[in-house]
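[1] Next input, structure requested:
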Amino acid sequence: LTKEEITQVFETHERQWTKLATMDELHWRDLPWPMIKRPANPEEITMTAISGYVQSVQYPDQSKPTKDRLKDHIRRWHPDRFETKLLLKVSEDERDMVKDGAGAVVRCLNELLTRSN
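    Numbering: from 1, shown residues only. Alright, predicted model coming up:
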């Protein structure tokens with residue numbers, strides 16, 4: 001991907017986070033997975049891909065340290081928040097897959113945060 005395309009991924013993700021709150025039903029494809037390339041399933045969510053996203057030189061707020069970026073994403077994906085605000089909106093046929101994906105995201109983010117200390 002070009003720099004412009006990567007920048008567009010970040011911009012699209014921010015718009016998606018805003019839009020999620022107003023949507024009645026969500027699907028896997030609606031979620032702004034913290035990866036440059038959207039995963040097709042939970043197995044494609046890797047620490048390498050998430051690290052590349054969070055540490056990207058195209059990340060919107062370059063002044064923000066990686067540790068703070070990780071914390072921001074952990075807040076968004078944390079099960080207490082994600083499962084009560086968003087998972088309930090996910091179509092039933094995709095709910096388990098989305099829950100597994102969100103769990104994988106949080107595990108990767110927490111591990112990256114631990115490594116950054």
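[2] contacts, neighbours, all on C-alpha from now
    Will do.
[3] CA atoms only for stretch 110-117 - export them in PDB, please.
    In PDB, the C-alpha atoms belonging to stretch 110-117 read as follows (Å, rounded to 0.1, in the frame of the first residue of the first chain):
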ATOM      1  CA  ASN A 110      -1.800  -6.100  26.200                       C
ATOM      2  CA  GLU A 111       1.300  -8.100  25.200                       C
ATOM      3  CA  LEU A 112       2.600  -5.200  23.100                       C
ATOM      4  CA  LEU A 113       2.000  -2.900  26.100                       C
ATOM      5  CA  THR A 114       3.900  -5.300  28.400                       C
ATOM      6  CA  ARG A 115       6.800  -5.400  26.000                       C
ATOM      7  CA  SER A 116       6.900  -1.600  25.800                       C
ATOM      8  CA  ASN A 117       7.400  -1.200  29.500                       C
END
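[4] Please enumerate residues in contact with it?
    With CA atoms under 8 Å, 6 or more residues apart in numbering as the test, stretch 110-117 has contacts from 47, 51, 67, 70, 71, 74.
[5] got it, and stretch 85-103?
    Taking CA under 8 Å, 6+ apart as the rule, stretch 85-103 contacts 20-21, 23-28, 41-43, 45, 77, 79, 82-83.
[6] For it, C-alpha coordinates in PDB please.
    Coordinates of each C-alpha in stretch 85-103 appear next as PDB, following Å, rounded to 0.1, in the frame of the first residue of the first chain:
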ATOM      1  CA  LYS A  85     -21.500  -1.600  23.800                       C
ATOM      2  CA  LEU A  86     -20.800  -3.300  20.500                       C
ATOM      3  CA  LEU A  87     -20.800  -7.100  20.700                       C
ATOM      4  CA  LEU A  88     -24.600  -7.000  21.400                       C
ATOM      5  CA  LYS A  89     -25.100  -5.300  18.100                       C
ATOM      6  CA  VAL A  90     -23.200  -7.900  16.100                       C
ATOM      7  CA  SER A  91     -25.400 -10.200  14.000                       C
ATOM      8  CA  GLU A  92     -25.900 -13.500  15.900                       C
ATOM      9  CA  ASP A  93     -24.300 -15.600  13.100                       C
ATOM     10  CA  GLU A  94     -21.000 -13.600  13.400                       C
ATOM     11  CA  ARG A  95     -21.100 -12.900  17.200                       C
ATOM     12  CA  ASP A  96     -18.700 -15.700  18.200                       C
ATOM     13  CA  MET A  97     -16.200 -14.800  15.500                       C
ATOM     14  CA  VAL A  98     -16.300 -11.100  16.400                       C
ATOM     15  CA  LYS A  99     -15.900 -12.000  20.100                       C
ATOM     16  CA  ASP A 100     -12.900 -14.200  19.300                       C
ATOM     17  CA  GLY A 101     -11.400 -11.500  17.100                       C
ATOM     18  CA  ALA A 102     -11.800  -8.800  19.700                       C
ATOM     19  CA  GLY A 103     -10.300 -11.100  22.300                       C
END
